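Chemist: Generate a structure from the sequence data that follows.
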Amino acid sequence: MKRLGVFVVLLSIVGLDTAPAWAQVIGDERIVIAQQEQPRRRTLFDLLFGEEPAAPAPVQRTQPRRQAAPTPPPPPPKPVVVKSVDATRLAVFGDSLAIDLAKALERHYAEDPNLVVLDEGVSASGFVRADFFDWGAKIGSAIAENSFDVAVISIGVNDRQEFPGAASDNIVLSPNWSASYQAQLNQFLSQLRSARKPVLWLGLPPMERSQYSADIAQINALQRMAAFSGGAEFIDIFDRFLSEDGRYTAFGPDLNGQNARMRKDDGIHFANAGADKIAFYVSQSLSVFYRGGTITLAAVDPLAGTDAALMQRPPYQGLGQIRLLEVAGPVLPLGRLAQRANSLMDLSATHTAPAFTLEQLMDAPHGRVDDFGLGYDPAERARSETEAL
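Modeler: Next up is the predicted model:
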């Protein structure tokens, strides 16, 4: 303990006026008490120049919080357009594809007060299974009720099956099957044609499964023939939903030209972008009959009242009333000049008399433009007249 006291005295000599934190005096003795923090040892530099100032506490620099960009307010909802009481009624008949098409047409004509879309689609229906749903009877009752003005037809994805109760040789797409299917189509379209209802027939699209797609292509060809003979406007979309190499593709350009999903995962139905694209095609064909007002089928036949009207003419192939006028061509009565000729001649009385009389025109001398190689020689004629005197 005496040695410890001497050590403490030495420390006081070098500048420690007080006992360190680890020593505590109890009476005349010093007892060492361990502390958690040890003091910094003094160095020769401290004796000569004094203690170094304590290092400043490190400043923690905090990154300024990045303020989130203010979210723009949502666009105001579009005002709901109230449809007119006498708006054109566009009825969509068909299977599940027709149901998707009706929704797309509703979006397309949402702001048109003069056209209302009627969804008349029935899932899993078709022309083959009339025992499940009879489209011939359905269209007949719709015509009798006068519940629509123009019809859009999209049927066929469920028709790849045999007719119920048919003979064994009536397999799908066989000659007998095709004849029965054609009869169903003709019976359906004949009712619409008799009622003078405009018809837009939407063709079938390609399918993901190759064999199913090949059969659908043949059914699509039968529908095209029936539509042409039945006076319907056929909208062929099969090639429009194929890739550049002629294969099925689920993607393609939308109405804005951006690549988008056109088909659903089942490889049959359309996604919203694909359905909107078909609705655009339908609207282009519908413009033949509908221009923002009522539907009309009136068309002037330029052959009416002429002998040419009695001749056999090609059947109307569903190309629109304007195309019918193009096929007929202009007809002008042969007993009069075309009215446009009046703008090519001006026979007013203010003009002077022609330079030559009719006799002079019939008797042209050599060198005049109207002698046509038969003109006479003026010198020879003058000599002949002199000899005659």
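
Chemist: Let me see the domain layout of this protein.
Modeler: 2-49, 88-286, 356-389 (automatic domain parsing).

Chemist: Tell me the buried residues in the one helix or strand residue 184 maps to?
Modeler: Following DSSP states H and E, one finds residue 184 within helix 175-194. Judged by neighbour count (16 or more other C-beta atoms under 10 Å), helix 175-194 contains these buried residues: 177-178, 180-182, 184-185, 187-189, 191-193. Where you see a C-beta, it was placed from the backbone N, CA and C, and this is true even at glycine.

Chemist: and those residues as CSV, adding pLDDT and distance to residue 286?
Modeler: As requested, those are arranged in CSV below (pLDDT from 0 to 100; distance: C-beta to C-beta, whole Å):
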residue, pLDDT, distance to residue 286
177, 94, 32
178, 94, 30
180, 93, 31
181, 96, 27
182, 94, 26
184, 95, 25
185, 96, 21
187, 95, 25
188, 97, 20
189, 96, 18
191, 96, 20
192, 96, 15
193, 94, 18
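
Chemist: Looking at these, which is nearest residue 89?
Modeler: residue 192 (14.2 Å; C-beta to C-beta).

Chemist: How about the residue nearest to that closest one when sequence neighbours are not counted: which residues does it bridge to?
Modeler: Using C-beta to C-beta, 6 or more residues apart in numbering and skipping residues adjacent in sequence, the residue nearest residue 192 is residue 199, 5.1 Å away. On the basis of DSSP bridges, residue 199 is bridged to residue 151.

Chemist: Adding distance to residue 82, write the domains of the chain out as JSON lines.
Modeler: Converted to JSON lines, the domains of the chain look like this (distance: least, C-beta to C-beta, whole Å):
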{"stretch": "domain 2-49", "distance to residue 82": "83"}
{"stretch": "domain 88-286", "distance to residue 82": "6"}
{"stretch": "domain 356-389", "distance to residue 82": "74"}
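
Chemist: winner for burial among those domains?
Modeler: domain 88-286 (a mean of 18; mean count of other C-beta atoms under 10 Å).

Chemist: how near is residue 82 to residue 149?
Modeler: Distance check for residue 82 against residue 149: by C-beta to C-beta, to the nearest Å, it reads 19 Å.

Chemist: contacting residues for residue 224?
Modeler: 203, 234, 236 (C-beta atoms under 8 Å, 6 or more residues apart in numbering).

Chemist: My guess is residue 213 contacts residue 207. True?
Modeler: Yes: judged on C-beta atoms under 8 Å, residue 213 makes contact with residue 207 at a distance of 4.0 Å.

Chemist: Common neighbours of these two, please.
Modeler: residue 248.

Chemist: re earlier: quick one: the residue nearest to residue 192 from residue 189, how far?
Modeler: For residue 199 relative to residue 189 (C-beta to C-beta), the value is 7 Å.

Chemist: With residue 149 instead?
Modeler: With C-beta to C-beta as the criterion, residue 149 and residue 189 are 17 Å apart.

Chemist: likewise residue 234?
Modeler: When residue 234 is compared with residue 189 (using C-beta to C-beta), they lie 11 Å apart.

Chemist: Now the common contact residues for the two.
Modeler: With C-beta under 8 Å, 6+ apart as the test, residue 234 and residue 189 both reach residue 227.

Chemist: Break down the chain into its strands, ranges please.
Modeler: 23-26, 29-32, 88-94, 115-121, 150-154, 199-202, 233-235, 251-253, 259-261 (DSSP state E).

Chemist: wait, residue 198 sits on residue 150?
Modeler: Yes: contact criterion C-beta under 8 Å: residue 198 and residue 150 qualify, at 4.5 Å.

Chemist: who are the neighbours in contact with residue 275?
Modeler: Taking C-beta under 8 Å, 6+ apart, one finds 100, 101, 103, 104 in contact with residue 275.

Chemist: Check it and give its pLDDT.
Modeler: Listed pLDDT for residue 275 reads 97.

Chemist: Distance of the spatially closest residue to residue 161 that is not a sequence neighbour relative to residue 152?
Modeler: Counting by C-beta to C-beta, 6+ apart, residue 161 lies nearest to residue 128, which is 5.5 Å off, once chain neighbours are set aside. For residue 128, the distance to residue 152 (C-beta to C-beta) stands at 21 Å.

Chemist: Then residue 289?
Modeler: 11 Å.

Chemist: circling back: what residues are up against the residue nearest to residue 192?
Modeler: 150, 151, 152, 153, 189, 192, 193, 227, 230, 231, 232, 233.

Chemist: repeat that for 7 Å
Modeler: Applying C-beta atoms under 7 Å, 6 or more residues apart in numbering, we find residue 199 in contact with 151, 153, 189, 192, 232, 233.

Chemist: Quick check: buried residues in stretch 79-89?
Modeler: So for stretch 79-89, counting by 16+ other C-beta under 10 Å, buried means 83, 87, 88, 89.
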